[in-house]
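Visitor: Quick one: sequence and predicted model below, then my questions.
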Amino acid sequence: MQVVGYGKSSYAQTNPLSTHTMNVLQPIDELEQWYEKPDPWHYETNPDDLNRRAMLLGALPKREYESVLDIGCGDGFITKRLPGKRVMGIDVSSNAIRWARQNAPQHITYEQHSLFDIPELEWENAFDLVVATGVFYPQYLAQSKKLVYEIVDRVLVPGGILVSVHIHEWYALRFPYVTLHREYYSYREYTHILEVYQK
Amino acid sequence: MILMYHKVHPETPTKWWVSVDAFWRQMEELRRYKIVSLDEYNPDDPKHACITFDGVYENVYQFALPILRKFGYPFELFITSAVIGRSNEFDQAEEPPARFATREQLAKCVRAGGRLQWHTVTHPDCTTLDAAALAYELTVPEDVRELDPQGFGWFAYPYGKHNPTVVDEVKRRFRGALSCVGGNNSDRYQLNRLEVTSETRFPSSSVSLIIANYNYGRFAAEAIESALHQTVLPEEILFIDDCSVDNSMEIAERYKDRIRIVRNERNLGIVANFNKAVSLTNGEYICFLGADNRLRSDYVEKCKLALDTHPEAAIAYTDVALFGPRAEVLAQRVGATSAAGTADVFLWRFVDFTEETRRSLAQNNFIHGSSMYRRKAFEQVGGYKDSAGPEDHHLFVRMVNAGWSAVHCAEFLLEYRQHSGDQANTQLNAGLEMAYWKKQYKQLKQQYDQLAGRAGLSPKHAAEKPVIAHLLAEIDAVLERGDTTAALQRLRRSFTCFPEQAKLHFRYFRLLQALGRTAEADFAFDLAMQYDPSLPEIHNELGVRAFHRGNLKLALQNFERAVRLDRDFLDARKNLADLYVHTGRPEDAIPHLRYVLSRSSDDAEALLSLGSICVSLDWYGDAFYFFNRVLAVDPSNETARELVEALQAKGFTPVTAESELNELLRPTSSDRRYHPMLTLTRRDAHNPNDTGEGEYRRKLGAEIARYAGEINVHDLPPINHVVNEASLSQWLKELTGESDIRDWWAKEISEMLKSRAGNVRVLSIGCGNGDVELDVLARVCEPERVQLLGLDLNPTMIERANALAAERGFPQAVFSVQDLNNVNLSGQFDVVLASHSLHHIVALEKLFAAIDAAASEQFIFLVNDMIGRNGHVMWPATSSVVRTIWDTLDRKYKYNAYWKTYDDEPMNHDCSSEGFEGIRAQDILPLLIQWFDCEMFLPFATIINRFTDRGYGHNFHPDDPQDRDLIMRILDLDLALLKEKKLAPVQCLMKLRTKGAVRHLRYLFQTPEEVIQLRSREIGREEFVWGAPDTRRVETPSLVTS
């Protein structure tokens, strides 16, 4: 099931990080279009993106993770480096999932789902680490911030870890968990906020 | 109340769509109601509420269901069977496309607590149907009924429309039916429903969140953000600042469109401040958040719910997550456990509120100060009150004693920072700062680019540091208008944004220097140097300074460095060239001057220098050429004219064309004209006091003139008495048993008299009127055994002192005129007194040597003097504290009695520039402990003097409670800074003996060594490679003694 976007405005094709309207979802077609080519935002070669991945991995509490979920995994830029016995990456774009599946190791599964599909998937308490990078933005959530808390809460085991990495200027969430770590650092022309929570 | 929803979705294209966030909020608000199924619904119970959906759309399944499940509410789904699993083609004209839920989704809804009800087969207007058609529409097909065997007891009229016939038919088949607005609230078959939109709110208690701040500017943004990100937003957020002296207000103002900000004009202290804050708010529930702490995002949601559902409770308290660099320290003490096995966050759980814990609350506090409480209870027990323990604990105990209970929200909803004074914990805040400034920067850059675009400039012009360039350009524009005050203000304001931009500090320095405010200028220069030692302008400046000090090697290094750092820095090139000429290397100067001319072909200074070089190299024709060019550029240049005439007189002929010039001199690309932007001249103003004999005489004259007319030189503004009583007197008493300096000195002399036979010889250095000395004498036990010699520079004063001695009947007191820089002592002395005199003396070393040589066996040296920076200028750190306070002061406190002005900035004038006031103040302490041993040391006054001195002291009236209160607060801070060794004192009392005669030092606050160390750390220049500590004054004695 897809979330249908009713937004009339189309997003700038040249810059995925372009400004956005608060209450309108980005049409799924645009995302699919983006992911017609691999690594559309040049994560693999941009030092800022390599840095943000290193920051995220460095901030993870050191423990054995059984089952890990990466929400909005794209083509797996972060996912493929996550620890954990089993790793699941989901993204709303089927093209992204197609790229992600290429050369994916055994323990990593990629599936095409929207964030809002999660309640249907019966993943209650299925993960002890949930990672979300660059997904909790208004163009993907519109006016449904609070449902996101509920969705994440549903899949994360008690005591589990949630890591969120987002562009500070666009990110309006604070999860109702114990904040283990919060950090701001430069990312491209923005500031990133990196949060580590424990449920 | 029966609620009617249609669609729930992240987007809200029409009013039939309720946003997911609004739906969540409404469900939260409904916690104050009893959510019942339709079968249980009692229309007469105002607390009953039913949730119904018509349609039913897939988005209800997708977005509303997870939320309903979270809240555990029953809900009713009125389905139209013909559209199950289809889209809403039928009302496409008005509505965006939306699919209806499938059978499978409906079944899942039922499993999650939903009840299916009937909304016809095809959604017709039932009042238009014949009997058969009506019967068809009212009949639930079997395959639909099996989706919810217990459902379909209720019916909803399509469009809410019904008539008696339809109602009769419905009664035969259903237990009840719902309309929209055409029904009423009592007929079970025509119940009205409330049509819910995103804007609908259900009445709920209101919360006032108060962020209490005092000097927590570095954390305040985190606290405010935590309040603004609450899942349930408080009705009001009040930021109350209890008169902070840090950047708190600046931080808070950034959020002023979302929070209310109140600043106390005076520091009220916790009790008055908290009570004031509560009185400014209206919420039924109140909670305080310290500006150094944070709320978890569900704090308000959970605490509010707890109070809503526990009317007997006055307080909702939570568990606490400890964070910050010292979290572990507290965690160990209270037994909090670490979260996620890290050492960063610790979880501190509290006990539930039971009869047993209630009884122990007074002894064992388990309700933290950021608990949410009822205004009603607060008012009932009279609010916060002064108490021995924490005020909030006191308040809560009184509430509980008044019969209220408390409720424990067993989650870690308060994030409680454990910090020390160090820097580590500001890291996070620094990140937020960075985010804020990046945003500002982007806006500014955008504006700038637009401006540049409009002006036809390439945005590249703004390339590296656009904001700084932009600021400097603005300041230049202001300067060009001649408005130096505005330029100073603009610069100062820019420091709050860019505190570490050396360029800005350097520009500030230039400006102050141009205005003759040398002491402040020096401070600005120090800062520029600290923040960017590689700024070319700084090296040029250091080069000039070194040159004037005669350190040519250092000058050379600095000029060369300046030119290397910025090849187009023409002033530095000219300085470098001049230095080469000065050191006999004219050839090395030529390329630099040629470079200058290639950029600025009419630079008269460069032309003149080249001409002079040519003369020194005997290239007279070439010299002629350059001097002529100078005259062409500047016909009034006397030097050039004289030189041209001299050359002509000697019969030399000029070369007339560049091609005839000596190879070395010929320009390479003279066509590249370049006009440097406004630079505030080549620097040589720092002419270090021109320490010739004439200068000394001038100062001497000024000094004598200044004091000749003053009868009472000790006359300080009356507020000083208040300050002294509250500080110095008490400390002196602690150390000596006397609270008055004269009593102390009399006591010292008396003790010496008692300890031996014969006379005691007392010398007073810089006795002035002699009134202090005669007062001391009058308090001594046997004054007739004291032989007093008083020395002073000023003949008028000495005359007056002798008259006073005669008048008071102390013939053994003799006062005589001596230049203390050239003191000549005969015989031995037992006691030497120096009261506010050493800071007028240049030849301290010579004086101390003389005193040491004249010391008797029992010798003591009693000093009361100023030991701050030369010229009584404030040390940089002191100045920054004083400025911070200054910014918070009312205008009436800024009147400068010296200059008859209201000062935007506290005066920081170098007093030594006119006479000898403070001429070597900063050398006094180090030299004293170098020559003598210190037995008692009482340092005092870090910042207070700036407010109580002759300039501003009169603004504070000892009888005005507000003035007194203000000065006492400054004094408190002064003492804290002194005790914490944050700032160096500028005054001290000392008792010294000859070297080796002291066994141990008695002191308060700081030892002499600590003072010296603190100062050297503060000014930070001693370590600086190029820099010289204020050596200019230390060098002067040679001139005096010669």
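Guide: Arrived safely, thanks for sending. Numbers count the residues shown, from 1 in each chain, chains lettered A, B, ... in the order given.
Visitor: Contacts only, for the residue of the stretch 701-850 of chain B at minimum distance from chain A.
Guide: Proximity of the stretch 701-850 of chain B to chain A (CB to the nearest CB) peaks at residue B:727, 43.2 Å away. All C-beta atoms are positioned from the backbone trio N, CA, C, and that covers glycine. By CB atoms under 8 Å, 6 or more residues apart in numbering or on different chains, residue B:727 lies in contact with B:940, B:944, B:971, B:974-975.
Visitor: Next one: it from residue B:979, what distance?
Guide: Residue B:727 sits 12 Å away from residue B:979, going by CB to CB, to the nearest Å.
Visitor: Equivalent analysis for residue B:808, please.
Guide: 40 Å.
Visitor: cool, residue B:135 as well?
Guide: In terms of CB to CB, residue B:135 sits 93 Å off from residue B:979.
Visitor: With residue A:91 instead?
Guide: As judged by CB to CB, residue A:91 and residue B:979 stand 60 Å apart.
Visitor: likewise residue A:178?
Guide: Taking CB to CB, one finds residue A:178 at 38 Å from residue B:979.
Visitor: Only alpha carbons, please: show the strand or helix carrying residue B:559 as PDB.
Guide: Taking DSSP states H and E as the criterion, residue B:559 maps to helix B:552-565. The C-alpha trace of helix B:552-565 is given here as PDB (Å, rounded to 0.1, in the frame of the first residue of the first chain):
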ATOM      1  CA  LEU B 552      64.300  45.900  14.300                       C
ATOM      2  CA  LYS B 553      64.700  42.200  13.800                       C
ATOM      3  CA  LEU B 554      61.200  41.500  15.200                       C
ATOM      4  CA  ALA B 555      59.800  44.400  13.100                       C
ATOM      5  CA  LEU B 556      61.400  42.900  10.000                       C
ATOM      6  CA  GLN B 557      59.900  39.400  10.700                       C
ATOM      7  CA  ASN B 558      56.500  40.900  11.200                       C
ATOM      8  CA  PHE B 559      56.500  43.100   8.100                       C
ATOM      9  CA  GLU B 560      57.800  40.200   6.000                       C
ATOM     10  CA  ARG B 561      55.100  37.900   7.400                       C
ATOM     11  CA  ALA B 562      52.400  40.500   6.700                       C
ATOM     12  CA  VAL B 563      53.500  40.800   3.100                       C
ATOM     13  CA  ARG B 564      53.700  37.000   2.700                       C
ATOM     14  CA  LEU B 565      50.100  36.700   4.100                       C
END
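Visitor: what packs against the helix or strand following that helix?
Guide: Downstream of helix B:552-565, the next assigned helix or strand under DSSP H and E is helix B:570-582. Under the contact criterion of 3 or more CB pairs under 8 Å, 6 or more residues apart in numbering or on different chains; DSSP states H and E, helix B:570-582 touches helix B:536-549, helix B:552-565, helix B:586-599, helix B:604-616.
Visitor: Residue of chain A closest to chain B, please.
Guide: residue A:184 (2.7 Å).
Visitor: so what's the backbone phi/psi at that residue?
Guide: phi -120, psi 140 (degrees, to the nearest 10).
Visitor: Correct me if wrong: it contacts residue A:195.
Guide: No. Residue A:184 is beyond contact range of residue A:195, at 10.1 Å (criterion: CB atoms under 8 Å).
Visitor: anything in contact with each of those two?
Guide: Common neighbours of residue A:184 and residue A:195 are not found (criterion: CB under 8 Å, 6+ apart).
Visitor: quick one: low-confidence parts of the chain?
Guide: Just so you know, I chose chain A. Residues of chain A meeting the criterion pLDDT under 70: A:1-23.
Visitor: look at chain B instead
Guide: B:90-94, B:341, B:420-435, B:437-467, B:496-499, B:658-659, B:662-715, B:913-914, B:1017-1042.
Visitor: Just give me the residue right at the centre of it.
Guide: Nearest to the geometric centre of chain B sits residue B:247, at 2.9 Å (CA atoms, centre = their mean).
Visitor: Would you agree that one is in contact with residue B:217?
Guide: Yes. Residue B:247 is within contact range of residue B:217, at 4.0 Å (criterion: CB under 8 Å).
Visitor: gap between the closest residue to residue B:821 other than its chain neighbours and residue B:990?
Guide: Excluding the flanking residues, the one nearest residue B:821 by CB to CB, 6 or more residues apart in numbering or on different chains is residue B:843, at 4.1 Å. The span separating residue B:843 from residue B:990 equals 20 Å under the rule CB to CB.
Visitor: do the same with residue A:176
Guide: 61 Å.
Visitor: higher neighbour count, the two?
Guide: Here residue A:176 and residue B:990 are compared on neighbour count by other CB atoms under 10 Å in any protein chain shown; more neighbours surround residue B:990, at 24 against 19.
Visitor: Next up, the contacts around residue B:550.
Guide: Counting by CB under 8 Å, 6+ apart, there are no residues that residue B:550 touches.
Visitor: can you pull up the bridge partners for the closest residue to residue B:253 other than its chain neighbours?
Guide: Spatial nearest neighbour of residue B:253, chain neighbours left out: residue B:261 (6.8 Å); criterion: CB to CB, 6+ apart. Under the criterion DSSP bridges, residue B:261 forms beta bridges with residue B:239.
Visitor: Contacts made by the longest helix anywhere in chain A with the rest, please.
Guide: Using DSSP state H to define each element, chain A has its longest helix at helix A:47-59. Residues outside helix A:47-59 that contact it (CB under 8 Å, 6+ apart) are A:41-43, A:77-78, A:81-82, A:131, A:133, A:163, A:165, A:181, A:183, A:185-188, A:192, A:194, A:196.
Visitor: Take these and, keeping just the buried ones, write it as a PyMOL select command.
Guide: One line in PyMOL is enough to select the buried members of the contacts of helix A:47-59, burial here meaning 16 or more other CB atoms under 10 Å in any protein chain shown:
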select buried, chain A and resi 41+43+77+78+82+131+133+163+165+181+185+187+192+194+196
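Visitor: Where do the helices of the stretch 201-350 of chain B begin and end?
Guide: Listed in chain order, the helices of the stretch 201-350 of chain B (DSSP state H, counting those that start in this stretch) span B:217-228, B:248-253, B:269-279, B:299-309, B:327-334.
Visitor: May I see the buried residues of stretch B:610-628?
Guide: Quick answer for stretch B:610-628 (16+ other CB under 10 Å): B:610-615, B:617, B:619-628.
Visitor: what's around the spatially closest residue to residue B:328 that is not a sequence neighbour, how many residues?
Guide: Leaving aside its sequence neighbours, residue B:328 sits nearest to residue B:343 (CB to CB, 6+ apart; 5.8 Å). Neighbours of residue B:343 under the rule other CB under 10 Å: 10.
Visitor: The one 3 residues further on now?
Guide: Under the neighbour criterion other CB under 10 Å, residue B:346 is assigned a count of 26.
Visitor: Mind listing the residues bridging to it?
Guide: According to DSSP bridges, beta-bridge pairing links residue B:346 with residue B:322, residue B:338.
Visitor: was I right about it contacting residue B:331?
Guide: Yes. Using CB under 8 Å, residue B:346 is in contact with residue B:331, at 3.6 Å.
Visitor: joint contacts of the two?
Guide: B:322, B:337-338.
Visitor: Pull out the buried residues from these.
Guide: Of the shared contacts of residue B:346 and residue B:331, these count as buried by 16+ other CB under 10 Å: B:322, B:338.
Visitor: closest to residue B:392 among the shared contacts of residue B:346 and residue B:331?
Guide: Nearest to residue B:392 out of the shared contacts of residue B:346 and residue B:331 is residue B:322 (CB to CB; 17.6 Å).
Visitor: How about the contacts made by the closest one?
Guide: Here residue B:322 is in contact with B:330-331, B:336, B:345-348, B:416-418 (CB under 8 Å, 6+ apart).
Visitor: That's all I had, so thanks and see you.
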